[in-house]
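Participant: Give me a model of this one.
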Amino acid sequence: MKKIELITVGTLKEFYWKSANEEYLKRLSKYCDIRITEVAESRIQPNNTAALIDKVLAEESTEIKRRLNNATAILLDIQGKSYDSLGWAELLRHYYEQPASLAFIIGGSHGVSAEIKNIAAAKVSFSAMTFPHQLFRTMFLEQLYRGFRILHNEPYHK
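Facilitator: Below is the predicted model:
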């Protein structure tokens, strides 16, 4: 069974996000060995100045890279390519069939560094809108589950 890592900056705080994530992790266990690795948000207060934001991104990126472990990185990024459900499933199939393990990355509130963007084999956008990270993590797990259901020709609501 293929190993998939979801590397995300920040933690889930509210019980309802934790509960939703646990449900999708349970469902996904039929298709992959998925783990979530939480990277601590930087403690630097960026004050929206470019220099401090760069320091935040550098700090978080160091931790993200440390956890990649030679996996193929797919960045979930607002500037990435958008897919419909079938296209997403095909992208998932393409990378799932490769020998390396997969790591999906959800950056922090300031995104990720250019270095992480350059490491990523693919950049995927789920929407041009911005979502809270806790909500997006759940959305991603649902879409990953949907992708596997499509790939296995199993029914899933539209």
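
Participant: Return the distance of stretch 53-69 from the chain's centre.
Facilitator: Computed by CA atoms, centre = their mean, to the nearest Å, the chain-centroid distance of stretch 53-69 equals 15 Å.

Participant: same question for stretch 72-79, mean pLDDT?
Facilitator: Averaging pLDDT along stretch 72-79 yields 95.

Participant: what residues does it touch?
Facilitator: Residues from elsewhere that reach stretch 72-79 (CB atoms under 8 Å, 6 or more residues apart in numbering): 95, 98, 100-107, 111-112, 116-117, 119-128, 130, 136, 140. In short, each C-beta sits where N, CA and C put it, glycine included.

Participant: Also stretch 53-60?
Facilitator: By CB under 8 Å, 6+ apart, stretch 53-60 touches 9, 39, 41-42, 44, 46, 107-108, 110-113.

Participant: average pLDDT across stretch 113-125?
Facilitator: Averaging pLDDT along stretch 113-125 gives 96.

Participant: how long is that stretch end to end?
Facilitator: Counting by CA to CA, to the nearest Å, you get 16 Å between the two ends of stretch 113-125.

Participant: and if you look at stretch 31-50?
Facilitator: Using CA to CA, the two ends of stretch 31-50 sit 41 Å apart.

Participant: And for that stretch, what's in contact with it?
Facilitator: Contacts for stretch 31-50 (CB under 8 Å, 6+ apart): 1-11, 21, 25, 28, 52-53, 55-56, 59-60, 63-64, 67, 96, 108-110, 137, 144-145, 148, 152.

Participant: let's see 6 Å
Facilitator: Stretch 31-50 has contacts (CB atoms under 6 Å, 6 or more residues apart in numbering) with 1-11, 28, 52-53, 55-56, 59-60, 63-64, 67, 108, 148.

Participant: now the helices for this protein?
Facilitator: Using DSSP state H, the helices of the chain run over 15-28, 50-68, 85-96, 114-119, 133-151.

Participant: now, of these, which is deepest in the fold?
Facilitator: helix 133-151 (a mean of 19; mean count of other CB atoms under 10 Å).

Participant: Could you check the angle that one makes with helix 15-28?
Facilitator: 20 degrees (axes from the mean of the first three to the mean of the last three CA atoms, to 10 degrees).

Participant: and helix 133-151 with helix 85-96, angle?
Facilitator: Using the same axes, to 10 degrees: helix 133-151 against helix 85-96 is 90 degrees.
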